[in-house]
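Enquirer: Okay, sequence plus prediction incoming.
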Amino acid sequence: MLPPRLLILKGRGLFRGKTNEQKVGTLGKFEIFGLIFAALTFIPVALQLRNHPKGLFVLFFAEMWERFSYYGMRGILIFYLTQHFLFDDKAAQGQYGAYTSLVYLLPLIGGLMADKFLGTRKAIAFGALLLVAGHLTMAFEGPAAKQILNHNGAAYEFQVDGRMDERQVRLKVGDGLYEFSALPDGGLAFKDMPATSPVPAALPKGSFELTVEKAPDIFRHVLFLALALIIMGVGFLKANISTIVGQLYPERDPRRDPGFTLYYYGINLGAFLASVFCGYLGQNYGWSWGFGLAGVGMLLGFLVFVWGKPLLEGKGEPPAPEKLKKPLLGPINVEWTIYLAALIGVGAVWLLVQNNASIGIMLGVGSVAVLGYLLWFCFTKCSKIERERIFLALILIASSVVFWTLFEQAGSSLNQFAERNTDLGIGGGEAITAAQTQSFNAGFILLFAPVFAAIWAFLGTRGKDLNPVVKFGIALLQVGAGFMVLVWGASFADASFQVPLLFLVLAYLLHTTGELCLSPVGLSQMTKLSVPAVVSTVMATWFLASSWAQWLGGIIAQLTAAETVAGQVLDPGKALATYAEVFQMIGLWGIGLGVILLAASPWLKKLAHGASDTDPLAVHEAFDRKRKPGTLDG
């Protein structure tokens with residue numbers, strides 16, 4: 001066996017025992033299992049959906065396909081940046097953070113436009129069309145960038161075969177292809193390099209230069225255009241579709257929290273299937289296939305939403321329809337002026353998404369603006385009780401920043417940890433891809449969302465539900481513990497510095513149970529604690545917190561950056577040590593802040609003034625209304 005620092009960097013599939021039978025043209029056991037698993041977990045959800053407003057069914061499937069598109073693209077994006085465009089780790093993680101930050105920042109605009117002009121239904125439909133365009137544009141792949149080794153005045157290209165876990169990188173010298181590894185001094189060692197070769201078997205650091213031959217600029221411009229369309233589309237869609245879910249239920253209806261949990265199941269059903277199949281197509285057929293499938297998913301989401309409009313029973317319509325029809329720019333009315341302004345805004349986002357340094361400033365300005373507006377509204381338009389409820393909503397939003405900063409490492413540092421330092425074998429000579437590990441979180445949601453919905457309903461109908469502050473504290477404890485599991489798992493790494501897959505599964509399990517305590521509950525609390533006039537703005541502020549988390553998460557992910565050649569990590573041992581150090585730091589932060597929140601919960605819950613409590617009689621009254629024609633659920 002070679003010394004650990006001199007392990008040959010073969011394709012990940014070779015290390016993990018993938019067989020040719022698993023490649024193009026066949027679905028492996030994991031993909032087949034994914035379909036069966038999704039179908040089985042949907043059965044209890046379908047049974048529970050019968051007890052909820054019919055509009056939830058429409059929103060469930062519309063959001064399922066929207067999340068299919070988003071998570072399908074997200075699961076392979078970091079690999080697309082590092083392996084196709086050959087961004088280094090820090091640049092790719094920064095780019096990923098800029099994109100995801102803007103995805104959650106733009107709902108501020110979409111929420112305001114829905115509150116004041118469009119209404120949530122029109123905003124959702126417009127956002128969906130932008131998303132279809134963006135995801136299909138991502139399928140425009142173009143030629144890959146090339147890694148070049150310059151030595152003694154000559155240039156040698158690194159030959160790349162495959163994508164993601166099937167990727168194999170070798171240096172082409174003459175007619176030969178040579179595997180390589182890291183030298184202790186940071187140089188390169190080449191396996192089986194002939195003594196007569198112009199490139200020696202060992203290249204000390206400083207005796208060569210690595211450069212990147214980029215693809216034509218048009219392809220990078222197309223990439224950023226696609227990201228800009230997706231960002232603007234999510235801005236108009238995301239906060240508003242969650243708002244309609246809350247509007248389907250009467251005040252203090254115990255079904256509201258279970259309803260949001262079931263809705264959250266729909267989100268993760270799309271995410272699970274996307275992680276399994278977009279990752280599969282992206283690796284085995286090409287990046288454009290993975291991104292293209294995500295676009296098809298979004299198109300299906302749009303069609304479901306349009307088809308199901310009557311089932312929404314008038315929810316989400318414009319607050320003042322006559323204002324939208326008034327001419328504003330010549331013959332162009334207010335509604336179409338908003339749409340045209342959004343398309344112009346796509347150009348501004350195209351510029352901004354390429355400049356991660358500006359995102360923090362944007363977040364700061366956006367936070368000051370929205371908080372200023374909400375504070376003005378609280379002190380000029382609200383009663384004392386309404387004001388304190390909104391204050392509690394803001395405290396919960398601030399707590400969610402910490403949770404999502406840790407949780408959203410999934411698409412960047414955890415995704416790369418899976419590719420570089422995790423043994424992805426699942427037995428029987430088969431293995432999953434790194435992108436498919438993104439399905440763990442969503443898969444656990446499919447499994448446990450009905451369980452959590454039943455628990456919250458059981459406690460709610462008996463007036464014993466946990467207050468939301470306690471749920472948030474428990475969530476922070478669990479997300480921190482998930483990273484500590486990975487730190488523990490690092491001590492079980494094998495000679496090639498790969499951690500057993502079980503530890504990554506356990507980490508995602510803890511992250512998922514934490515998510516189920518916070519995210520669907522948080523969405524529900526935003527509608528409970530806000531007043532109707534600013535409900536979309538408060539919901540958008542919830543996503544602003546996620547935007548901060550994505551931006552901060554990008555900075556944390558950059559702390560895990562490793563040196564790469566043609567997208568292949570050079571020193572897996574050093575990479576593992578770095579991951580363990582960073583994961584321990586953020587894990588302890590999550591646990592510590594969770595303890596603080598739990599300790600403060602008896603005082604913070606008083607700010608709700610009963611808005612977070614459930615009335616056991618409300619559900620029976622809701623079912624009585626359901627039996628009467630012309631009522632909410634009739």
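Expert: Cool, the structure landed.
Enquirer: quick one: low-confidence parts of the stretch 401-550 of the chain?
Expert: Within the stretch 401-550 of the chain, not a single segment meets pLDDT under 70.
Enquirer: residue ranges of the strands in it, please?
Expert: 422-423, 425-427, 430-431, 499-500 (DSSP state E, counting those that start in this stretch).
Enquirer: hey, which of the ones you listed is tucked in deepest?
Expert: Highest mean neighbour count of the strands of the stretch 401-550 of the chain: strand 422-423, a mean of 25 (counted as mean count of other Cβ atoms under 10 Å). The C-beta positions use only the backbone N, C-alpha and C, and glycine is treated the same way.
Enquirer: elements contacting it?
Expert: strand 499-500, helix 501-529 (3 or more Cβ pairs under 8 Å, 6 or more residues apart in numbering; DSSP states H and E).
Enquirer: Give me the buried positions along the strand of greatest length in the chain.
Expert: Counting by DSSP state E, the longest strand found in the chain is strand 154-161. Judged by neighbour count (16 or more other Cβ atoms under 10 Å), strand 154-161 contains these buried residues: 156, 158, 160.
Enquirer: How about the contacts made by the closest residue to the first one other than its chain neighbours?
Expert: The one in question is Tyr156. Once flanking residues are discounted, Tyr156 sits nearest to Leu149: 4.6 Å by Cβ to Cβ, 6 or more residues apart in numbering. Contacts for Leu149 were tallied using Cβ atoms under 8 Å, 6 or more residues apart in numbering; they are 155-158, 171, 188, 199, 208-210.
Enquirer: how far away is Leu149 from Leu502?
Expert: As judged by Cβ to Cβ, to the nearest Å, Leu149 and Leu502 stand 38 Å apart.
Enquirer: One more: His52?
Expert: From His52 to Leu502 the distance is 36 Å (Cβ to Cβ).
Enquirer: Who has more neighbours out of the two?
Expert: His52 (22 against 13; other Cβ atoms under 10 Å).
Enquirer: Select the longest helix from this protein.
Expert: For the chain, the helix with the greatest residue count under DSSP state H is helix 572-604.
Enquirer: Just the buried positions in that one, please.
Expert: For helix 572-604, by 16+ other Cβ under 10 Å, it's 572-573, 575-576, 578-580, 582-584, 586-587, 589-591, 593-594, 597-598, 601, 604.
Enquirer: Does anything pack onto it? Which helices or strands?
Expert: By 3+ Cβ pairs under 8 Å, 6+ apart, helix 572-604 packs against helix 384-407, helix 413-421, helix 468-490.
Enquirer: Quick one: mean pLDDT over that helix.
Expert: Taken as a whole, helix 572-604 carries a mean pLDDT of 93.
Enquirer: Which residues does stretch 198-218 contact?
Expert: Here stretch 198-218 has contacts from 85-86, 142-152, 154, 156, 171, 173, 183, 185-190, 193, 195, 220, 565, using Cβ under 8 Å, 6+ apart.
Enquirer: Need the buried ones from those residues selected in PyMOL.
Expert: Buried members of the contacts of stretch 198-218, defined by 16+ other Cβ under 10 Å, are picked up in PyMOL with:
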select buried, resi 85+86+142+144+145+146+147+149+151+156+171+173+183+188+189+190+193+565
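Enquirer: if we can go back for a sec, ranking the helices and strands packed on helix 572-604 by burial, who's on top?
Expert: Highest mean neighbour count among the helices and strands packed on helix 572-604 (mean count of other Cβ under 10 Å): helix 413-421, a mean of 26.
Enquirer: what about the protein, any weak spots by pLDDT?
Expert: Where the chain drops to pLDDT under 70, the residues are 1-26, 165, 239, 611-634.
Enquirer: quick one: the residue sitting furthest away from the middle of it and Gly174, what's the gap?
Expert: For the chain, the residue at maximal distance from the C-alpha centroid (Cα atoms, centre = their mean) is Thr196, at 50.3 Å. According to Cβ to Cβ, Thr196 and Gly174 sit 10 Å apart.
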